[in-house]
Every structure is written in structure tokens, then in C-alpha cells.
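Chemist: What follows is a protein structure lacking sequence information:
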């Protein structure tokens with residue numbers, strides 16, 4: 001058995017200035033570069049990381065929530081329970097709680113400014129889209145999974161419009177029922193019309209049959225996204241169809257909002273809801289990134305980091321125009337919609353002999369008409385052997401790769417780390433598998449000239 005340290009982030013507005021014990025936990029103040037005001041610590045024993053992670057979700061998260069609820073009740077100030085840090089054994093020397101804070105820089109502001117100009121008129125004319133974006137922002141801003149769940153689901157509700165589902169005859173019958181309700185309720189002995197003590201009952205009953213007039217919210221959400229979302233894209237929700245998955249999400253939302261219950265697998269379901277809402281918003285917006293790329297071409301079918309000649313030909317419009325680094329990144333973002341992917345472009349790494357760019361001025365580059373990549377010096381036969389094996393395998397540990405190749409485990413471990421840094425291999429815990437880019441690399445013939453990075457020191461980290 002190993003003793004583990006479990007730590008949860010605590011956010012304001014209440015500020016924590018001193019430490020102390022509450023129940024099985026210990027509050028510690030926190031200051032620094034983030035908005036985290038404190039850390040709530042526990043210790044627990046488990047056989048391995050899988051067991052301690054399960055206990056963190058099923059035991060300690062509930063205990064942590066009760067502690068911050070009590071603190072809020074006593075102080076009458078808000079304290080938000082955030083996500084936990086990775087659990088670590090209590091006897092290791094490094095128990096850092098460093099948090100990376102996203103930086104909004106000039107590049108992101110440039111993209112956001114152009115995007116806002118593109119969508120401002122749409123938001124003025126489409127209140128539903130405006131509200132959906134607001135709930136999306138609230139969901140991304142909060143840290144409690146249940147709060148994220150409610151925000152993203154409410155955003156989905158705000159983004160769709162329920163259709164009328166009654167025929168003309170059904171509508172007439174519906175109106176007769178609603179009108180008859182009043183007569184049935186008021187036809188009561190000793191009813192005092194001036195008191196109006198039955199009005200609430202009448203309105204409640206009329207409201208309760210209102211579901212028959214329009215389609216349900218889950219049906220409306222499904223109708224709006226069924227042609228844009230594949231059920232396999234949200235695999236973590238129970239059910240065998242997109243419609244049943246949405247129904248499950250709706251039911252769980254009711255458990256959270258109306259019954260105050262926790263739901264199983266809440267983190268994965270939050271990711272599904274975020275994906276659905278983001279997809280619906282993107283479908284509702286008319287090309288929000290149009291100004292980033294005046295003559296936007298067809299998007300290449302692979303990452304910027306593999307076979308990038310197509311990307312640069314598209315970004316430079318097959319011409320000799322000169323672009324700054326940020327202009328290149330903005331155009332790359334317009335093609336990929338992946339901020340991290342486009343931000344990783346370092347133009348200096350693509351300029352020079354046998355490279356697609358020529359640097360023509362301070363911070364400016366021009367595309368070469370033709371170029372041929374030389375073989376990357378770091379891509380040797382051992383690395384190609386690992387890539388070839390992973391192409392025919394699922395996620396596997398180092399020892400399995402070593403067993404199926406002529407390489408020892410230490411060498412395989414080093415190679416997989418290098419390949420992970422090139423975006424060709426994905427790491428899942430202690431397992432490695434070929435990434436989408438890695439599969440494309442193999443499917444295109446596995447030629448080293450499809451890779452742009454020539455020096456191992458230049459690998460992306």
C-alpha cells in the first residue's frame with residue numbers, strides 16, 4: 001500500500017490567508033500567478049494510481065465539497081472547489097502545485113478582434129446565438145463539473161428553437177382541452193372568484209400539458225445537431241444512438257438541477273456537452289474567421305506538422321506574397337480552427353535551405369515556389385521500426401514494443417518520447433500509440449521527406 005497526497009484547487013472570491021484542519025482535510029493558503037486562493041489536502045492509501053484516482057472521484061471529492069460548502073456557510077463568501085492536482089506519494093520530494101495560466105497575447109487579440117467584427121451583426125440579430133455563447137463562456141469559466149454541466153446544457157437549450165408538432169386538428173383539440181380546464185376547476189362548491197385561490201392550480205395544469213404543443217428540448221437539440229455530429233464523437237455517454245445519448249444527458253441534468261444529485265462519469269459527460277454546444281455554435285456562425293484569410297482555400301486533410309508543403313502553399317495562396325509570423329499564424333488558424341496547432345508555427349524553423357519559406361525582412365517570410373525536404377537527421381531506422389510496429393497495434397506499453405522489435409526497453413522508451421514530441425505518437429499513461437498524423441505519415445508511404453523537423457533540438461515540446 002502507498003500513501004498518497006490528494007490536493008484540490010480552491011478558488012475565490014473568498015481569500016484564504018491561513019491554514020488549518022477541517023474534518024479529514026487541511027486548508028492551505030495559496031498565492032502566486034493564478035487566481036487559485038488555496039489548496040485543500042487529504043492523505044489516503046491505495047494499491048496503485050488507478051485505485052487512488054477512483055477514490056478521489058468517489059470519496060474525496062464529496063468530502064472536499066462538504067468542506068467548502070461549510071466554509072461558505074460560515075463565511076457567507078463564495079469558495080469554489082476546483083479540479084484536483086495529480087495524486088502523488090507523500091514521500092516524494094517534489095509536490096509542486098504550479099498552475100499554467102493561459103496568456104492572451106497580441107496574436108490571440110488580433111484573431112479575436114477580426115472574429116468579433118465578423119459575428120457582431122449575427123449576435124445583434126440572433127438572440128439565441130448570443131445567449132448560447134454566454135452560457136458557453138460561463139461553462140468554460142467555472143471549475144465545478146456540475147456547474148459546467150448545467151451551463152453547457154443551458155447553452156444548448158438557448159441555441160435551439162422548439163418546433164410545433166401538432167397538426168391543425170390536434171391544435172384545435174389542444175385549445176379545447178386548455179379552455180375546458182378553467183371550467184372544470186372553477187366548477188367547485190364554495191369557490192370565491194374574488195379570492196382567486198384556484199387560479200394557480202388552473203395555470204399549473206395548463207402549463208403541465210404544454211409539452212404536447214411543441215417538441216421536447218432533447219428532440220430539438222437532436223434535430224439541430226444530428227447532421228453535424230456523429231455518435232462516435234461522443235462515446236462516453238450511455239446509449240447506442242445520438243438521440244439516446246442526448247436523452248441521457250437531459251435526464252442527468254434534471255438530477256443535478258432538480259434533485260441536487262451527483263451523476264456518474266460527470267467529467268466525460270461535461271466534455272460531451274461542451275463538444276455539442278461548441279459544434280452547434282460553430283454551425284450557427286457564418287464563417288467567423290473570414291477576415292483572417294481573404295481567399296480561404298480548401299483545408300488540407302492533415303496536421304500542420306506533417307507534410308506541411310500543402311499548408312504553406314495554401315497560406316501563401318501559391319504566390320510570392322510576404323507575410324509576418326502573426327499573419328501566417330492567423331491564416332493557419334483560419335484553416336485549422338486549432339489555436340494551439342497554429343500557434344506552434346515557428347517561421348524560422350521553416351526558412352532556409354530546402355525549406356518552404358524565405359525570410360525577407362524583419363519578421364516577414366515569403367513562400368518558395370518549389371522546395372524538397374532533406375531527410376531529417378534524427379529519423380533513423382530504429383525510430384522507423386517503432387512507427388511501423390505502432391501502425392499495426394493499439395495503445396501498447398514499452399515492453400510490448402520492445403518484445404515485438406529488436407530494440408531494448410530503454411531504447412524504445414527514449415524513441416517513443418522523441419516521436420511523441422514530433423506529434424507522430426500519442427502517450428496515454430504508460431501506453432503509446434500512433435497519432436492521426438503518424439498514421440497519415442505511414443499511409444503516405446512512410447517517407448522521411450514528409451517531416452519538416454530536421455534537427456532533434458528543434459522538436460516541438
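Modeler: The structure has been received and is ready for your questions. Because the structure is a prediction, the values reported are computed rather than measured.
Chemist: what's next to the helix or strand containing residue 314, contact-wise?
Modeler: Here residue 314 is covered by helix 309-315, with elements defined by DSSP states H and E. Applying C-beta atoms under 8 Å, 6 or more residues apart in numbering, the contact partners of helix 309-315 are 297-300, 302, 304, 323, 328, 331-332, 335, 350, 356-357, 367, 371. Backbone N, C-alpha and C define where each C-beta goes, glycine included.
Chemist: what helix or strand does the residue lying closest to residue 286 once chain neighbours are set aside sit in?
Modeler: Spatial nearest neighbour of residue 286, chain neighbours left out: residue 122 (6.4 Å); criterion: C-beta to C-beta, 6 or more residues apart in numbering. Assessed by DSSP H and E, residue 122 sits inside helix 106-125.
Chemist: and that helix, which residues are buried?
Modeler: 107, 108, 110, 111, 114, 115, 118, 119, 123 (16 or more other C-beta atoms under 10 Å).
Chemist: repeat for stretch 61-77
Modeler: By neighbour count on 16+ other C-beta under 10 Å, the buried set for stretch 61-77 is 61, 63, 64, 65, 67, 68, 71.
Chemist: same thing with stretch 269-276?
Modeler: Buried residues in stretch 269-276, counting neighbours by 16+ other C-beta under 10 Å, are found at 269, 270, 271, 272, 273, 274, 276.
Chemist: In helices only, show me the contacts of helix 309-315.
Modeler: In helices, defined here by DSSP state H, the members of the contacts of helix 309-315 are 328, 331, 332, 335.
Chemist: Phi and psi next, for residue 300.
Modeler: The phi and psi values for residue 300, taken as degrees, to the nearest 10, are phi -60, psi 160.
Chemist: Okay, it and residue 335: tell me how far apart.
Modeler: 7 Å (C-beta to C-beta, to the nearest Å).
Chemist: Just want the most central residue of this protein.
Modeler: Centroid-nearest residue in the chain, with C-alpha atoms, centre = their mean: residue 271, separated by 5.8 Å.
Chemist: Would you mind checking the contacts of helix 309-315 for buried ones?
Modeler: Using 16+ other C-beta under 10 Å as the burial test, those include 300, 302, 304, 323, 328, 331, 332, 335, 350, 356, 357, 367 as buried.
Chemist: shaky segments in the stretch 301-450 of the chain?
Modeler: Residue ranges of the stretch 301-450 of the chain with pLDDT under 70: 305-309, 352-354, 362, 369-378, 440, 443-450.
Chemist: what about 80?
Modeler: Scanning the stretch 301-450 of the chain for pLDDT under 80 picks out 301-310, 318, 320, 340-341, 343-356, 360-363, 367-380, 421-424, 436-450.
Chemist: where do the helices sit along it?
Modeler: In the stretch 301-450 of the chain, the helices defined using DSSP state H, counting those that start in this stretch lie at 309-315, 325-336, 339-343, 381-391, 398-403, 409-421, 436-443.
Chemist: Over to the stretch 1-150 of the chain?
Modeler: Under DSSP H, counting those that start in this stretch, the stretch 1-150 of the chain gives helices at 49-55, 61-75, 106-125, 127-141, 145-159.
Chemist: out of the ones you listed, which comes closest to residue 18?
Modeler: Among the helices of the stretch 1-150 of the chain, the nearest to residue 18 by C-beta to C-beta is helix 61-75 (12.7 Å).
Chemist: what's the angle from the closest one to helix 145-159?
Modeler: If you take axes from the mean of the first three to the mean of the last three C-alpha atoms, to 10 degrees, helix 61-75 sits at 90 degrees to helix 145-159.
Chemist: chain center to helix 61-75: distance?
Modeler: Taking C-alpha atoms, centre = their mean, to the nearest Å, one finds helix 61-75 lying 27 Å from the centre of the chain it belongs to.
Chemist: again with stretch 138-147
Modeler: 12 Å.
Chemist: wait, what's in contact with residue 278?
Modeler: residue 136.
Chemist: Confirm that it sits in a helix.
Modeler: Yes: assigned with DSSP: H, G, I helix; E, B strand; the rest coil, residue 278 falls within a helix.
Chemist: Can you read off the pLDDT for it?
Modeler: Residue 278 is assigned 91 on the pLDDT scale.
Chemist: Equivalent analysis for residue 31, please.
Modeler: Looking at residue 31, the pLDDT reads 69.
Chemist: I'd like the distance between the residue nearest to residue 286 and residue 315.
Modeler: From residue 122 to residue 315 the distance is 26 Å (C-beta to C-beta).
Chemist: Kindly report the same for residue 245.
Modeler: According to C-beta to C-beta, residue 245 and residue 315 sit 37 Å apart.
Chemist: for residue 134, same thing?
Modeler: Distance from residue 134 to residue 315, counting by C-beta to C-beta: 33 Å.
Chemist: So between these two, which is more surrounded?
Modeler: Set residue 134 next to residue 315 and count neighbours by other C-beta atoms under 10 Å: residue 315 wins out with 29 against 15.
Chemist: any idea what sits nearest residue 70, other than its immediate chain neighbours?
Modeler: residue 22 (7.1 Å).
Chemist: what's the closest non-adjacent residue to residue 131?
Modeler: Residue 131 sits nearest to residue 158 (C-beta to C-beta, 6+ apart), 3.9 Å away.
Chemist: Ok, residue 72 next?
Modeler: Closest residue in space to residue 72, ignoring its immediate chain neighbours: residue 79 at 5.2 Å, by C-beta to C-beta, 6+ apart.
Chemist: count of neighbours near the one you found?
Modeler: Counted with other C-beta under 10 Å, residue 79 comes out at 22.
Chemist: wait, what's in contact with it?
Modeler: 10, 11, 12, 14, 68, 71, 72 are the contacts of residue 79 under C-beta under 8 Å, 6+ apart.
Chemist: how much space between it and residue 254?
Modeler: Here the criterion is C-beta to C-beta. By it, residue 79 lies 26 Å from residue 254.
Chemist: pretty sure residue 277 contacts residue 139?
Modeler: Yes: in terms of C-beta atoms under 8 Å, residue 277 counts as a neighbour of residue 139; the distance is 7.4 Å.
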